[in-house]
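Student: Curious how this folds, go ahead:
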Amino acid sequence: MGTYTPKLDEKGRLFLPAKFRDRLAEGLVVTQGQENCLVVWPSDVFAQEADRAAARPMTSRAARNYARILFAGGDEGTPDKQGRIGIPAHLREYASLERDVVVIGVRDRLEIWNPAKWREFQEAALAEFTELDEDDD
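Tutor: You can find the predicted model right below:
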């Protein structure tokens, strides 16, 4: 959980927030997420997501498309001794990442956002959140 604002260095590496480093030390996968953010999965959680994707019928166009995006854009790695992870150029481009980024903890994964896109998303999502009503089905 939480929201953090680390920076990418000149080589496209991200200093992971300290609280996430131990969980990701054994390995991680960075891939494209929805809303043009990046998703950082611990390797074991990514394996579970890959299993869920594989369990969907390949006769489903949505299942094929999800698997293609999930795997084609992915990059495996481990944090270096300073707690940095490399973000490949194609993923930085997809998420419009430059130096400043927003990292959010989302239960079993991290998301990396362009700050302006995160603000836009957050404003829209908060407007929907305030309208939530348990009686609406």
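
Student: Residue 47: neighbour count?
Tutor: By other C-beta atoms under 10 Å, the residues close to residue 47 number 13. Glycine gets a C-beta too; all of them are placed from N, C-alpha and C.

Student: Which stretches in this structure count as helices?
Tutor: Per DSSP state H, the chain carries helices over the ranges 18-24, 43-55, 61-72, 89-94, 115-130.

Student: closest to residue 9 out of these?
Tutor: For residue 9, the closest of the helices of the chain is helix 89-94, at 11.9 Å, according to C-beta to C-beta.

Student: List the contacts of the closest one.
Tutor: For helix 89-94, the surrounding residues in contact (C-beta atoms under 8 Å, 6 or more residues apart in numbering) are 8, 12, 30-32, 36, 38, 73, 75, 97-98.

Student: Equivalent analysis for stretch 2-20, please.
Tutor: 24, 79-80, 82-89, 92, 97-105, 110, 112, 115.

Student: same thing but 6 Å
Tutor: 79, 83-87, 92, 99-100, 102-105 (C-beta atoms under 6 Å, 6 or more residues apart in numbering).

Student: From the residues you listed, list the buried ones, please.
Tutor: By neighbour count, with 16 or more other C-beta atoms under 10 Å, those hold 79, 83-87, 92, 102-105 as buried.

Student: still on that earlier bit, among the helices of the chain, which is nearest residue 1?
Tutor: helix 18-24 (9.1 Å).
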